[in-house]
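Chemist: need a structure here:
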Amino acid sequence: MQHFPIFVALTGRRVVVAGGGEAAVAKLRLLLKTEAAITVVAPEVAPEIASWDREGKLTIIRRALRAGDVAGATLFYGAAEDEEEDARTAAIAEAEGALVNIVDNLHASQFITPAIVDRDPVTVAIGTEGAAPVLARAIKADLEERLPQQLGPLARIGKAFRGMAEALPFGRARRDFWRDYYFEAGPRAFENGEEAVEEALDQLLNAHLARETRAGHVDFVGGGPGDPELLTLKARTALDRADIVIHDRLIAAPILELARREAILIEAGKEGFGPAMSQEDINALIVEHAQAGHHVVRLKSGDPTVFGRLDEELEAVEAAGVAYSIVPGITAASAAIAGLGQSFTRRGRNSSVRLMTGHDVKGFADHDWKTLARTGEVAAIYMGKRAARFLQGRLMMHGADPATPVTAVENASRLDQRTHVTTLGRMAADLDTAALTGPVLILLGLAPRAAEAEIKTLQEEAL
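Modeler: Numbering: from 1, shown residues only. Reported below is the predicted structural model:
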């Protein structure tokens, strides 16, 4: 992020624009929405600027900008549409302490003006670091259609009411009140005018004050394999409402970014054969925060019902009398197989698939190796990276063909996903050579559709 987004208070502060042509007019249309004291410095100005001067909306100095004209200004816009003149005025403005923007010159500017959706006092700013103005305008147009015009008046009325709403306990109780106002009671009342909205606010506050303190709640949420776009709508909603997010080590940073900004994020990481928070401590953490009245999201990688030790956490919250819900997620196996362009079951090949682990809490996991070793069997093996040699030995000991295709998918669905194609006979050595560092899912009996020729070569070498 090269430009940090902020909103600058401009009430009563000076903004100077050097230039009087079309570029200046475009910037002034936006600046006139603020309460800034605007000064335009230019030998000649467009008719629109002259009319704004006559209306008292800004002040014109009809000459070229010189030293002292920008003193005390907060912002300066160079809009002369002449490279040399803009450079000259920018040097004066910078020396006199103003932040400088040169219209259509990103590299010479200290700040940029984003595309803006105006629902005063609600303002949405859209920036692309100057890289894609057309994209910013498209996003602006989309938001203009989505955000109702009544949003501004609702926010203005709500702002005046914030002091009254402080009668509600800080945190979840206030959020519930404002959520009801902005998305339910407020829009309904607005149909009858602003006075009806104020009356509805009073009634809504009384109703929320009369409510009993809401008990805590736990959402066990599947965070998916890593791609934020694979989150379900229910998962997004849960993250938006959470007070506390207790997450796995493997949850991708872009997904944590979707949590409510004020939410407390707690990592409850586990790493195979490595450091980990004990399950008992995780259980206690979930219960502690829920009993304090918080909305807790227990965010698990993939799907919480697949190798997520969900039952132990459910038993803990049930024993504590805490309400909960389960939000399924896309498990890593589904994302990995999609990346291969394959399906888990195929007519004439296999009618079932196994989801299994390479190791459990006691060490390497044991399975029905004789069945798994049969030709055509398919399995998705979680946590199998360090167990690769063990898995290879057990399968081949029970008669598995060394030429059986194997695909290891690292960081399934993420931007840094890597796919490693091999055979059972070469699996352990190939995975050692690959030096995998991210979470790995091993697909036994499957190869990427695009790698069939490579697999045939590997099979021939194995024979």
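Chemist: quick one: buried residues of the biggest helix by length in the chain?
Modeler: Ranked by number of residues, the top helix in the chain under DSSP state H is helix 194-210. Using 16 or more other CB atoms under 10 Å as the test for burial, helix 194-210 gives 197, 200-201, 204-205, 208. Bear in mind the C-beta positions are built from the backbone N, C-alpha and C, glycine included.
Chemist: now do stretch 149-157
Modeler: For stretch 149-157, a neighbour-count test (16+ other CB under 10 Å) marks 151-157 as buried.
Chemist: which residues sit against that stretch?
Modeler: For stretch 149-157, the surrounding residues in contact (CB atoms under 8 Å, 6 or more residues apart in numbering) are 118-122, 181-182, 186-187, 190, 194, 197-198, 201.
Chemist: switch the cut-off to 10 Å
Modeler: 117-123, 148, 181-183, 186-187, 189-191, 193-195, 197-198, 200-201 (CB atoms under 10 Å, 6 or more residues apart in numbering).
Chemist: same thing with stretch 249-258?
Modeler: 221, 223-231, 235-236, 239-240, 245, 247, 259, 263, 265, 267-271, 274-277, 299-302, 332, 411, 413-415, 438-439.
Chemist: ends of that stretch, how far apart?
Modeler: 16 Å (CA to CA, to the nearest Å).
Chemist: now stretch 12-22
Modeler: Note: stretch 12-22 ends 25 Å apart using CA to CA.
Chemist: looking at residue 187 now. What's its pLDDT?
Modeler: Residue 187 is assigned 87 on the pLDDT scale.
Chemist: which of the helices or strands spans it?
Modeler: helix 186-190 (DSSP states H and E).
Chemist: so which of the buried residues of stretch 149-157 is the closest to residue 51?
Modeler: Among those, residue 152 lies closest to residue 51 (CB to CB), at 25.9 Å.
Chemist: so which of the contacts of stretch 249-258 belong to strands?
Modeler: 221, 245, 247, 265, 267, 299-300 (DSSP state E).
Chemist: list only those of those residues flagged as buried.
Modeler: 221, 245, 247, 299-300.
Chemist: closest to residue 54 out of the residues you listed?
Modeler: Closest approach between these and residue 54, by CB to CB: residue 245, at 55.9 Å.
Chemist: is the closest one bridged to anything, and to what?
Modeler: Following DSSP bridges, residue 245 is listed with bridge partners residue 265, residue 297.
Chemist: quick one, what contacts it?
Modeler: Here residue 245 is in contact with 219, 221, 223, 238-239, 251, 255-256, 258-260, 263-267, 295-299 (CB under 10 Å, 6+ apart).
Chemist: confidence score at it?
Modeler: For residue 245, the pLDDT comes out at 96.
Chemist: roughly how far does it sit from residue 131?
Modeler: Between residue 245 and residue 131 the distance is 32 Å, computed by CB to CB, to the nearest Å.
Chemist: just the buried residues out of the contacts of stretch 249-258, in PyMOL syntax.
Modeler: Selection of buried members from these for PyMOL, criterion 16+ other CB under 10 Å:
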select buried, resi 221+223+224+225+226+227+228+230+231+235+236+239+245+247+259+263+268+270+299+300+301+302+332+411+413+414+439
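Chemist: go ahead and confirm residue 180 touches residue 204.
Modeler: Yes. Using CB atoms under 10 Å, residue 180 is in contact with residue 204, at 6.0 Å.
Chemist: joint contacts of the two?
Modeler: With CB under 10 Å, 6+ apart as the test, residue 180 and residue 204 both reach residue 186.
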